[in-house]
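Enquirer: Below are the sequence and a predicted model; questions follow.
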Amino acid sequence: MGEIMYNIQLGKSSLQVPTIAVGCMRISDMSEKEVSAFVDTALNFGANFFDHADIYGGGKSEEVFGKAIKSIKREDILIQTKCGIRKGQFDFSYDHIVNSVDGSLKRLGTDYIDVLLLHRPDALMEPEEVAKAFDYLKSSGKVRNFGVSNQNPYQMQLLQNSLDMPICANQLQFGIMHTPMIQSGINVNMYNESGVNRDGGVLDFCRLNNITIQPWSPMQYGFFKGCFIDNEKFPELNKTMDDIAEKYGVSKTTLAFSWILRHPAKMQPVTGTTNLTRLADCLKSADIKLTREEWYEIYRAAGNVLP
């Protein structure tokens, strides 16, 4: 088996993390034994960074994960979770953040969380209130590092202005079939759909401010419409990926993650599968470095036209 090198610093934190995070959104219906095998597969590749959220499986994902890792030394794994989504609303209030963390700690069976992300933006966010919650969680030892998800530069700046600790990560949708962050940067000052800036230049902002981007749903097209791998809707993309994957002796799943890792922003993509074979394929991607020509060939095959 390959091994993922711990060569990424998570933002301005002191954490050295694997190049790929293991997503746990879909493990809620798995047995404790199945989750144990899932965790072992990840750890065999050196992937010890696990991504959760309080709402995944209504809390069941954290709960079954907590049971599955009881025999593992806590310091040997890194746990990230998220909070802020409630039914019909977002909630970054002090009480909700603190209570959510307490619930996650209980379900996970641990006394601290390595990274806490705010789950999507809250239109009613009061930065000072979030800062108060973060200060308490940090000083109490319950949370060691903090970040956000799906936020644009001004939202992050607004929050950071009230914080005493750095925002270390921003989880954003990104992958071969979801590239608005890149498209707007290529099509600058153009009268076309790809030139529309939908995120305020978040990619360059995160690079300038040393905030690690964590791409979520890297295998999906649209908003959870499905996987593009072997999808008949994308024949040119799959043919191109087949040819390049054959050259490296890997699967298209591996290639999809290698494509993300080839970008110089040093992103940390999050896996989404519970299939152990596909998980292993995702984790092999750190061993492959695509050429510039191959990266752009895949980008064009996904339907993108260069100006």
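Expert: Now that the structure is in, tell me what you want to look at.
Enquirer: Now do the strands in the stretch 201-307 of the chain.
Expert: 212-216 (DSSP state E, counting those that start in this stretch).
Enquirer: quick one: buried residues of stretch 219-232?
Expert: With burial defined by 16 or more other C-beta atoms under 10 Å, the residues of stretch 219-232 counted as buried are M219, Q220, Y221, C227, F228, I229. (Glycine included, C-beta is placed from N, CA and C.)
Enquirer: What is the distance between that stretch and the centre of its chain?
Expert: On the basis of C-alpha atoms, centre = their mean, to the nearest Å, the separation between the geometric centre of stretch 219-232 and that of its chain is 17 Å.
Enquirer: contacting residues around stretch 72-84?
Expert: Here stretch 72-84 makes contact (C-beta atoms under 8 Å, 6 or more residues apart in numbering) with 15, 17, 21, 39, 43, 48-55, 62, 69, 90-92, 96-97, 100-101, 104, 108, 110, 113-120, 122, 149, 169, 171.
Enquirer: Using neighbour counts, trim those residues to the buried set.
Expert: In these, burial by neighbour count holds for 15, 17, 21, 39, 43, 48-55, 62, 69, 90-92, 96-97, 100-101, 104, 108, 110, 113-119, 122, 149, 169, 171, counting by 16+ other C-beta under 10 Å.
Enquirer: Strands of the stretch 1-150 of the chain, residue ranges please.
Expert: Counting by DSSP E, counting those that start in this stretch, the stretch 1-150 of the chain has strands at residues 8-9, 16-17, 22-23, 49-51, 78-83, 85-86, 89-90, 113-118, 143-149.
Enquirer: Next, format those as CSV and append distance to Y136 and mean pLDDT.
Expert: Formatted as CSV, the entries for those read as follows, by distance: least, C-beta to C-beta, whole Å; pLDDT from 0 to 100:
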stretch, distance to Y136, mean pLDDT
strand 8-9, 26, 95
strand 16-17, 25, 96
strand 22-23, 28, 98
strand 49-51, 23, 98
strand 78-83, 14, 98
strand 85-86, 20, 98
strand 89-90, 20, 98
strand 113-118, 12, 98
strand 143-149, 9, 98
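Enquirer: now these as CSV including distance to S31?
Expert: Formatted as CSV, the strands of the stretch 1-150 of the chain follow (distance: least, C-beta to C-beta, whole Å):
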stretch, distance to S31
strand 8-9, 32
strand 16-17, 28
strand 22-23, 18
strand 49-51, 17
strand 78-83, 20
strand 85-86, 26
strand 89-90, 32
strand 113-118, 24
strand 143-149, 29
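Enquirer: Check whether L283 really touches F38, as I assumed.
Expert: No: at 11.8 Å, L283 does not count as touching F38 under the criterion of C-beta atoms under 8 Å.
Enquirer: Quick check: neighbours shared by those two?
Expert: With contacts taken as C-beta under 8 Å, 6+ apart, not a single residue reaches both L283 and F38.
Enquirer: ok, the nearest residue to L137 once chain neighbours are set aside - how many residues close by?
Expert: Using C-beta to C-beta, 6 or more residues apart in numbering and skipping the chain neighbours, the partner closest in space to L137 is V143 (4.0 Å). Neighbours of V143 under the rule other C-beta atoms under 10 Å: 24.
Enquirer: go on, the one 10 residues further on?
Expert: Here the number of neighbours of P153 (other C-beta under 10 Å) works out to 19.
Enquirer: Excluding chain neighbours, what is closest to it?
Expert: Of all residues not flanking P153 in the chain, F205 sits nearest, at 4.0 Å (C-beta to C-beta, 6+ apart).
Enquirer: swap in D199?
Expert: According to C-beta to C-beta, 6+ apart, the nearest residue to D199 is N152 (5.4 Å).
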